[in-house]
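Novice: task: produce atomic coordinates for the following.
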Amino acid sequence: MSGTDVQPPAQKAALSIFGLGYVGCVSAACLASRGHSVVGVDVNPAKTGFLREGRAPVVEERIGDLIAEVVEAGRLTVSDDPTLAVLNTDVTIVCVGTPSAPGGGLSTHYLERATDDIGAALAVKSGFHVVVYRSTMVPGTCADVLIPRLEAASGKRVGVDFGVCVNPEFLREGTSVKDFLDPPKTVVGESDARSGGTVMALYDGLAGPRFQVPIAVAEMVKYVDNSFHALKVGFGNEIGAICASLGLDSHAVMDVFLADTKLNLSGAYLRPGFAFGGSCLPKDVRALMHTARIHDVEVPMLANVLVSNETHLRRAVDQVIALGRRRIGIFGLSFKPGTDDLRESPMVELAERLIGKGYDVRICDANVALSVLVGANRAYIDELLPHIGEILTDDVDQVLEHAEVLIAGSRDAAVVAAVDRATTRHIVVDLVRLPGAEERRTQDRYVGLGW
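Specialist: Numbers count the residues shown, from 1 in each chain. Coordinates of the predicted model:
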């Protein structure tokens, strides 16, 4: 290959970053260290003053040396003029604060102020520009508040004259530089593929899976992450309190718990679906709550696990009631696919409540044969649904002919095949997210529980 065939490396996007707190400062320094030309903007002159001198305005491991390096190299500068910062860069990243408002809601004051400044700059800028929101904000903020302000201030249209992305950060204070350069994942919510690709390219070469998703999904991801982290802390602390009351070393217990990466630290049980049931989970949660009570240990998080489960069951009942149809067909009765165990099955509870409210119910479950149910399994079903023999069948056609509403309570192949035979007179209520749910949800006669 001759020298004339060698292509020069692609020029890295020039970036302006609005907001130079923890997230903005770390993002500016790390992106500059990766070869980008970065301009920092902040309303606080103390922060921009520190950066002009090559000093970090925040305390973080490695950040001081990194800022000194990129400032000296000329790759990180600051500006007091937001318009010039936008005009002289390709991408603007917004990292301003989103504190709690009175009542617990989100304050978007700083977001709106930065957005108005950027929109005014876009009004006088030629060429395509990408606006990236890295601030944490609830789903709908971008579409309902920020994009309309950008369009109003600029007189331009999103996706045509400029792009908008939401790029949540997953940085922990104290290790944020390390987290930026070795992220658990990279998420970009995009108004258009061109803008999403531009933002994703900022992280080329970094570790972790990469997701280009709708803007609202990217907004939601950060809240899911942080809520789960809070849940884990609370769970660990409540287990610790119970263990201490029993004279147990909670860390020894949790070492065993954490060693299980197949069920405990994994994606198991974390997919939205129907309520849990069976012979173990409800019984064991109740027993742990009883143990805590007799030792005078308050564990409000664990105490509300069954309350939450009951609420989700009631959510499914309410969803069926809202349809206004009386003839119901249920596919799947056991608490879990591939078993005939009916003990504390939420599907049995669902059927019992609908029957109790006067609905005409038929149930089909190929794994449940009434004639062979024995022991606790038979006793449980006789207590909750004493007339189950009259409504339980293995004939799919009988249920399809009877029902106006079909409830899918299992992902078994037989259930999927039965639901696929639904006609226009049927409404399908999917409690388990059947295969092809993305396509099914576009149909008027399909209702998912939690999606």
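
Novice: use CA for all of it now, contacts and neighbours both
Specialist: Fine.

Novice: which parts of the lengthiest helix in the chain are buried?
Specialist: In the chain, taking DSSP state H as the definition, the longest helix is helix 215-245. The neighbour-count check on helix 215-245 (16 or more other Cα atoms under 10 Å) flags 215-223, 234-235, 238-243 as buried.

Novice: again, but for stretch 392-410
Specialist: 392-393, 396, 399-400, 402-410.

Novice: about what we covered before: so what secondary structure elements neighbour the longest helix of the chain?
Specialist: strand 162-166, strand 186-190, helix 250-259, helix 300-303 (3 or more Cα pairs under 8 Å, 6 or more residues apart in numbering; DSSP states H and E).

Novice: off-centre distance for the longest one?
Specialist: Spelled out, it's helix 250-259. 27 Å (Cα atoms, centre = their mean, to the nearest Å).

Novice: mean confidence score for the longest helix of the chain?
Specialist: Mean pLDDT, computed over helix 215-245, is 95.

Novice: now do that helix and helix 250-259, the angle between them.
Specialist: 140 degrees (axes from the mean of the first three to the mean of the last three Cα atoms, to 10 degrees).

Novice: low-confidence ranges in the chain?
Specialist: 1-10, 335-341, 367-382, 384-387, 389 (pLDDT under 70).

Novice: what are the ranges of the strands in it?
Specialist: Ranges of strands within the chain are 15-18, 38-41, 76-79, 91-94, 129-133, 162-166, 186-190, 210-214, 327-331, 360-364, 392-393, 405-408, 427-430, 446-448, based on DSSP state E.

Novice: counting by contacts, list what the third one packs against.
Specialist: Pointing back at strand 76-79 there. By 3+ Cα pairs under 8 Å, 6+ apart, strand 76-79 packs against helix 22-33, strand 38-41, helix 45-52, helix 63-72.

Novice: need the residues that contact it.
Specialist: 28-29, 32, 37-41, 48, 51-52, 67, 70-71, 85 (Cα atoms under 8 Å, 6 or more residues apart in numbering).

Novice: between the residues you listed, which sits nearest L202?
Specialist: A32 (10.6 Å; Cα to Cα).

Novice: returning to that earlier point: just the strands of the chain: most buried one?
Specialist: strand 15-18 (a mean of 28; mean count of other Cα atoms under 10 Å).

Novice: can I get that strand in PDB, CA atoms only?
Specialist: Provided in PDB are the C-alpha atoms of strand 15-18 (Å, rounded to 0.1, in the frame of the first residue of the first chain):
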ATOM      1  CA  LEU A  15     -16.500  19.300  23.300                       C
ATOM      2  CA  SER A  16     -18.000  21.900  25.600                       C
ATOM      3  CA  ILE A  17     -19.100  20.800  29.100                       C
ATOM      4  CA  PHE A  18     -21.600  22.900  31.000                       C
END
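
Novice: which one of the buried residues of stretch 392-410 is nearest to A437?
Specialist: Once Cα to Cα is applied, the member of these that ends up nearest A437 is A408, at 11.8 Å.

Novice: contacting residues for that closest one?
Specialist: Per Cα under 8 Å, 6+ apart, neighbours of A408: 330-332, 415, 419, 428-432, 434.

Novice: list the buried residues of stretch 263-273.
Specialist: Neighbour-count burial for stretch 263-273 [16+ other Cα under 10 Å]: G273.

Novice: ok, the closest residue to A216 other than its chain neighbours to A316 distance?
Specialist: Nearest residue to A216 in three dimensions, chain neighbours excluded: P139, at 4.9 Å (Cα to Cα, 6 or more residues apart in numbering). Separation of P139 from A316 (Cα to Cα, to the nearest Å) stands at 24 Å.

Novice: neighbour count winner among those two?
Specialist: The residue with more neighbours, out of P139 and A316, is A316; 21 against 16, by other Cα atoms under 10 Å.

Novice: how much space separates that one from D65?
Specialist: 55 Å.

Novice: re earlier: would you format the contacts of A408 as TSV with distance to D144 included?
Specialist: Shown next, in TSV, are these (distance: Cα to Cα, whole Å):
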residue	distance to D144
I330	39
F331	40
G332	41
V415	40
V419	37
V428	31
V429	30
D430	30
L431	30
V432	31
L434	31
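
Novice: closest one of those residues to D260?
Specialist: V432 (25.1 Å).

Novice: so that closest one touches G409, yeah?
Specialist: Yes. Using Cα atoms under 8 Å, V432 is in contact with G409, at 6.1 Å.

Novice: mutual contacts of these two, please.
Specialist: F274.

Novice: just tell me which of the strands of the chain ends up closest to M301.
Specialist: strand 446-448 (27.2 Å).

Novice: other SSEs contacting that closest one?
Specialist: strand 427-430.

Novice: alpha carbons only: can I get the strand it packs on in PDB?
Specialist: Provided in PDB are the C-alpha atoms of strand 427-430 (Å, rounded to 0.1, in the frame of the first residue of the first chain):
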ATOM      1  CA  ILE A 427     -57.900  -9.700  24.800                       C
ATOM      2  CA  VAL A 428     -54.600 -11.100  25.900                       C
ATOM      3  CA  VAL A 429     -53.300 -10.200  29.400                       C
ATOM      4  CA  ASP A 430     -49.600 -11.300  29.500                       C
END
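
Novice: tell me how many other residues surround Y359.
Specialist: Residues near Y359, counting by other Cα under 10 Å: 16.

Novice: nearest residue to it in space, please, no chain neighbours.
Specialist: Closest to Y359 by Cα to Cα, 6+ apart is R326, at 5.2 Å.

Novice: burial of the one you found, as a residue count?
Specialist: 16.

Novice: contacts only, for it.
Specialist: 358-360, 404-405.

Novice: got the phi and psi for it?
Specialist: As for R326, its main-chain torsions (degrees, to the nearest 10) stand at phi -100, psi -30.

Novice: how much space separates it from V348?
Specialist: Distance from R326 to V348, by Cα to Cα: 18 Å.

Novice: ok, G329 next?
Specialist: Taken as Cα to Cα, the span from G329 to V348 is 13 Å.

Novice: what of G140?
Specialist: 37 Å.

Novice: between those two, which one's more packed in?
Specialist: Higher neighbour count among G140 and V348: V348, with 24 against 14, using other Cα under 10 Å.

Novice: need the nearest residue in space to that one, chain neighbours excluded.
Specialist: L333 (6.0 Å).

Novice: could you tell me how many residues sit around that neighbour?
Specialist: 28.

Novice: show me what contacts it?
Specialist: Per Cα under 8 Å, 6+ apart, neighbours of L333: 342, 345, 347-348, 363-365, 368, 409.

Novice: ditto for V138
Specialist: 106, 219-220, 223.

Novice: make JSON lines out of those residues and add distance to E310.
Specialist: Compiled in JSON lines, the contacts of V138 are given as follows (distance: Cα to Cα, whole Å):
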{"residue": "L106", "distance to E310": "29"}
{"residue": "E219", "distance to E310": "28"}
{"residue": "M220", "distance to E310": "25"}
{"residue": "Y223", "distance to E310": "24"}
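
Novice: between the residues you listed, which is nearest G197?
Specialist: E219 (17.6 Å).
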